[in-house]
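J.: Sequence and predicted structure, then a few things I'm wondering about:
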Amino acid sequence: MNRPPLLWRLLAYAALGVASIIALFPVYAVVVMAVSRAPGFSAVVTPDWANLTLDHLRTFVSTHDAQGRWLFGRQLINSLIVAGAATGVGLLFAASAGYAFSRFKFPGHRLGMVGFFVTQMFPGTMMIVPLYLIANHLGLVDTVVGLVFVYATTSLPFCVWTLKGYFDTIPIDIDEAALIDGASRVRTFYQVLLPLVRPALAVTALFSFLGAWNEFVLAATFLSREEKFTLPVTLYRHVGAYGADWGAFAAGSIVVSLPVCILFLTLQRHLVGGLSSGAVK
Amino acid sequence: MSAVARGVALLCCFAALPAHAADSEVVVWHSYRAGEALALDAAVNDFRAQHPEIQIRVLAVPYGAYQQKLIAAIPGGHGPDLFIAAHDQLGDMVKRDLIDPVPEPLSAQQFLDETLAPLRGPDGKSWGWPMAFKTLVLFYRTDQVPEPPATTDALIATAEKLTGDGRFGLAYPLAEFYFHAPWFFGAGAELLTADANDVRFDSPAATRSGELLRLFAVEKKLVPSDANGALVTEMFNQGKAAMVVNGPWFIAELRPDLPYALTPLPILSANGTPAKPLSTIEALFLAKGRARPEVRALATFLVSDAGARRRAVGAGQPVANRALYDDPDLQNGPLPVFRKQLTNTVPMPTAPLTALVWEPLNEALRQIARGALSPERAFQEAAARVRLLNQPLPAEANPAPYVLVILLALAGVLTVALWRTPTGLLSRLVQARTAYAFLLPTAIGMTLLVGVPFLMGLGLGFFAFGPGEIRFVGFANFTSIIAAQEYPITHPLSFYFTMAVTVLWTFANVSLHLLLGFGLALLLTPSWLKGRALFRVLLILPWTIPNYITALIFKGLFNTQFGAINALLEAMGLPPVHWFDSFWPAFCANLTTNVWLGFPFMMVTVLGALQAIPPDLYDAARVDGASAIQRFFKVTLPQVGPALVPAVVLGTIWTFNMFNIVFLVSEGQPEGSTDILVTEAYRWAFVRNGRYGYAAAYSTIIFVILALYTVLTRRLLSARQGARS
Amino acid sequence: MATITLDKIAKRYGDTVVLNELSLTINDGEFVVLVGPSGCGKTTLLRMIAGLLEPSQGSVRIDGNDVTQTAPGDRDIAMVFQSYALYPHMSVRENIAFPLKVRRRDPAFIQARVNEVAQQLGLDPLLDRKPAALSGGQRQRVAMGRAIVREPKAFLFDEPLSNLDAALRGRMRGEIAALHRRLKATMVYVTHDQHEAMTLADRLVLLNKGTIEQMGAPLTVYQRPRTRFVAEFLGSPPMNFLAATRNGAELFGNGFKLTPAADAAAQPLPEKVWVGVRPEALCLSPRTHAVEAEIDWVERTGSDGFLYARVGDAPLVARLDASQTHPLEPGSRITLGFDELSLFDAESGRALGAQS
């Protein structure tokens, strides 16, 4: 590969460097706020490096309830369970639906695909109260299961679209070969096709997980036991009616964002392929 | 017909069966945090010790979700038995039928009169047990202010001496009416008329309070113009503000070693009356139908002198119990100052109209503090705005024609579907059974948890929610929004202005996302690039952070006086920007935030699409003599373009409805001009008296706009593809 | 081993007819090649035998059992795809074992059978590789292995060699022929390549526009095309056609005149005919018939020399011995002689009896 002149290369590095700094700056701001004793935003401008503290972090991580249970631990596990289960359920549903939309023609095909898109257009905030009422009828309120299903379904449209697109890139010969080899449709789906859409599965998993992990309004509305709360609910407890504890909020933000960051960064390779291969078709 | 309408509405929306939780447990909800939450827990533990047989569950709900949770959970049967809320929500809660009155009369010997009165209903019954009150007093640094000012003249004189060099004599959030209220009521102004049907702040007295504000902010610049609660705290802690108007919650946020004291607010020198802040009574409310003996026992204990002592001592809460103000332990603390101030307060009004006044009043204050409008004009405009928002509910409509149209439409769709399927729908359905089997879980989930709420949301737009009634109004909400008669189109509060801003917002965001995403993806592709993985990781980072965190962080960064961005500008020798005082800077602040969090998605999409381009194409183009720029336009763009279409369409929809950023960063400032349609819908539903129907109609309009946009793009794309092939 | 019977089978998509009431019986152990231009319906036919497509009408029988509604996996047939359709995430071993695994065969049997097949096809060193790490020919072999391993009643091949380069294609052609000899299984083979069709088929079925244009032993079809379409389709370079008008017993064309043997034309010739001459039938010396041609250019491939010329306006190709073509120069006029010719009705395209 031939290289452009040195000047151009330096400019490219400079541009990437500046972009990275801008991308990092708010992250830096959160970190500074989280470890500064002086509360709030002025710490970002004039950080007091000599006087750092881990108190905020400790406060956030070491919450206990009246019974002496370690709330943070439970909530972390809740968050993991809710986000993990929502991802699993969502992916299972989305993959089978994406397969159906990619491989079959049936009455309602177009309607279904458009329908997924349509639901994305109605503002989510207006759907919370109706959603709560439905969930209540189904006995899903105040249960982790309810939250799991709600999160799983809200991420479905994006997941189905992405997966359908990715299935479309896999030649139908593969399905037919499996069918002729004697595999049932279900077996063809999970044993032959699912392994082939792994990059898209990784992307959609990431999306569902991110959505479920970060969501706070629904979780706060649905859950009514502190030990069942997810982490963002607790995080938001630091912003009150009268003022907020920005240090704790910043520390909490780091704790809440960290797992997703790690997940994202480990899966980012798949991210690049999975997102667009699905989009090509 | 109204009975039918109500029946439909009930079926649609509020037909939740009350399924009570295990009755053995008493559930208490609150939105306290830190010290207050701990003190409440301590009081509850005292009660547990006395009554080990009663199970109690205390739940701290984040303030941001508290109201919605109460509204949703109590009618749904998953609510608390008792909950703590401010008395100004009383009207709304009664209207929604969420609470019962306190079963027994409350003793005037036990509670301060000022805390009992606001909770009293017209029949003399109390709607809640008073727990504490919140009001404003003057905090001052004893190292800077030797003698607390007794009058506003003294306040100004003291403050003038201490102002300058980045320091301010006085600090409070200027543009929040709650903090302006002391001067407003002190000057003799009133919020509402006696019958609470109209506003009264277009009065000379209100103007006088506005003049005082202008003196503080514009003429003498004693008060920083852009200080919110968090910044006031910082300034006071750092000695950058000598005096602060603030409430009891402020104490917990001060450095323990800080030399400070409190004093009641000064007397207004102009008319000799004391400043009168608003007082909010925090009360314990009894959820509808939950008056069990153990619930009452817990409530009685929590508001008893013993329970109150926990809160007064533990959290410095100005409690409602008289006895504690004679308590020797509390004599030297701040509580007596609040008690003294309480005699000069105005209870937060509870009339339904009140919910509509805050936004316009805050806006008026912002205008005055910026020097943009005279106090008189500002209050007049605010009053006019409230009167507009307070339009009567539309007349009830006959639902029969609507039902008929819906039925006919359904029948029509069905007929067309059958007619267009000559081979027999049934056999095709049977043929596709495998496909349906694969779709079943998704179909059920989507229908129940997305489809039905969506249809309900659409349906709600045809109803109006008034005090204690739900009324079918047909298209009235829609016609009223679309007609937009209140304001000329160019006015920031006009529907069409908001729509234009929304379109601009969406277009600007998506373009910048694309531009940045494309640019960075191209920079990341060359094979000679070293550290590609590192750069990619850094540039994906903004995506991983929850957007409400991003929004709050940027809000801080954009702060005029203390934000890092203005600090940066000043370091470069540029003048600081008042980010939220005029439209374009505020819009740009929102835009910056959203671009920051949104570009990685586009970048990753483009990266993937770039990888999918066969290298042969570039080689061929190079052999054909195409320059780098030509290669970009003739090879890269046409290859990547189609892959980006879904991302762009989806991005447009998401941005169009990007609530968090606008709501948290600019908060619609100035004058609601940076509001987009979604935030406007939210305000109708949750800020302005719960006009759900109106908000739902807004949402439906948003939906229609987006649907049209999608259809249009599809048409355009397929037309272009048709032309190409 | 099986007999496959297609009975009045048809496939329509709306108004588009892909196959039109076609009937065909493929005998036990027979190697039938379906050949025809793209869009003739040959792949559709194959996919209906496989069960991947449901016929709009008619039935498919295997060994007398109606399998029209039977799932592909239950028909006991194997298929080799043009794209090979190997499972990319499975190793060669897993790919070959898959049909047996799906049928829950005994693992020991599967292993033995996979090894046996791998040995037959020379795949044993590759068993643990993924398809992506194989060459085109190796992938082709794996696809065959996956088909053989089950010992099915019939094999279906959908243009299995079209993704290979010429040399490999020739070799694989040979291997498929050998496979057929060894297994003696019923095989249905779809191709658009006439070499494959001619060399592999016991019986060749030439499809055009959804109907059978002609079928029979390859050489018979080649030598006695029933229509101009068949004559044009088989043979490379294809048969030359010269327009001619009958006048009495003689045929006049642009730049030639010839008299077909009287005895062969049992029926009276129509007014307008096509005279068909195979390129290899032409030579540089006058024979029974002769035409005057102007040379456009000459191609020499070592053994053969191809002469591209025009008779009047009609193009003409002659396949000669390479050594004969040396004196020939573009632009010069020559006389080309031939003995054998075919005549076709200019209107219907039907052959008018074999001519010599």
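T.: In hand now; what should we look at?
J.: what about the one helix or strand B:Ile406 maps to, average pLDDT?
T.: Element membership for B:Ile406, per DSSP states H and E: helix B:399-419. The average pLDDT within helix B:399-419 is 85.
J.: Quick one: residues contacting the closest residue to chain A within the stretch 151-300 of chain C.
T.: Chain A sits closest to C:Leu156 of the stretch 151-300 of chain C, with a gap of 8.1 Å, by CB to the nearest CB. Using the backbone N, CA and C atoms, a C-beta is placed for each residue, glycine as well. By CB atoms under 8 Å, 6 or more residues apart in numbering or on different chains, the contact list for C:Leu156 reads C:Leu46, C:Ile49, C:Ala50, C:Ile77, C:Ala78, C:Met79, C:Val80, C:Met187, C:Val188, C:Tyr189, C:Val190.
J.: Secondary structure element holding it?
T.: Taking DSSP H and E as the definition, one finds C:Leu156 inside strand C:154-158.
J.: The stretch 201-350 of chain B: strands as residue ranges?
T.: B:241-246, B:260-263, B:278-287, B:346-347 (DSSP state E, counting those that start in this stretch).
J.: Please identify the buried residues of the strand holding C:Leu156?
T.: Within strand C:154-158, the residues that count as buried by 16 or more other CB atoms under 10 Å in any protein chain shown are C:Ala154, C:Phe155, C:Leu156, C:Phe157, C:Asp158.
J.: How about stretch B:307-323?
T.: Those buried within stretch B:307-323 under the rule 16+ other CB under 10 Å are B:307-322.
J.: cool, and stretch B:482-490?
T.: Judged by neighbour count (16+ other CB under 10 Å), stretch B:482-490 contains these buried residues: B:Ala484, B:Glu486, B:Tyr487.
J.: Look up the closest residue to the last one, ignoring the ones flanking it.
T.: In this case it means B:Tyr487. Spatially, and ignoring its direct neighbours in sequence, B:Tyr487 is nearest to B:Ser494 (4.1 Å; CB to CB, 6 or more residues apart in numbering or on different chains).
J.: repeat for the first one
T.: Once flanking residues are discounted, B:Ala484 sits nearest to B:Phe495: 4.1 Å by CB to CB, 6+ apart.
J.: Tell me, how many residues neighbour the one you found?
T.: Residues near B:Phe495, counting by other CB atoms under 10 Å in any protein chain shown, number 21.
J.: same thing with B:Trp419?
T.: 9.
J.: distance of it from A:Ala178?
T.: Using CB to CB, to the nearest Å, one obtains 38 Å as the distance from B:Trp419 to A:Ala178.
J.: quick one, longest helix in chain C?
T.: Longest helix in chain C, counting residues (DSSP state H): helix C:166-183.
J.: angle of that one against strand C:154-158?
T.: Put simply, helix C:166-183 runs at 170 degrees to strand C:154-158, going by axes from the mean of the first three to the mean of the last three CA atoms, to 10 degrees.
J.: quick one: average pLDDT of helix C:166-183?
T.: 88.
J.: for the helix or strand following it, what is the average pLDDT?
T.: Going down the chain from helix C:166-183, the next helix or strand is strand C:186-191, by DSSP H and E. For strand C:186-191, the mean pLDDT works out to 92.
J.: Walk me through which strands strand C:186-191 pairs with, and which way each runs.
T.: Under the criterion DSSP bridges, strand C:186-191 sits next to strand C:31-35 (parallel), strand C:154-158 (parallel) in its sheet.
J.: Going by contacts, tell me the helices and strands next to the helix or strand just after that strand.
T.: As assigned by DSSP H and E, the chain's next helix or strand after strand C:186-191 is helix C:194-200. Under the contact criterion of 3 or more CB pairs under 8 Å, 6 or more residues apart in numbering or on different chains; DSSP states H and E, helix C:194-200 touches strand C:31-35, helix C:166-183, strand C:186-191, helix C:218-223.
J.: Determine the set of other helices and strands touching the host helix or strand of A:Ala202.
T.: Secondary structure from DSSP H and E places A:Ala202 in helix A:198-214. If contacts are counted by 3+ CB pairs under 8 Å, 6+ apart, helix A:198-214 sits against helix A:71-103, helix A:144-168, helix A:231-236, helix A:246-280.
J.: Stretch A:254-263 close to chain B?
T.: Yes. In terms of CB under 8 Å from any CB of the partner chain, part of stretch A:254-263 sits within range of chain B, namely A:Val256, A:Ser257, A:Val260, A:Cys261.
J.: What is the neighbour count of residue 88?
T.: Picking chain A for this. Using other CB under 10 Å: A:Gly88 sits among 15 other residues.
J.: try chain C instead
T.: Other residues within reach of C:Pro88, judged by other CB under 10 Å, total 14.
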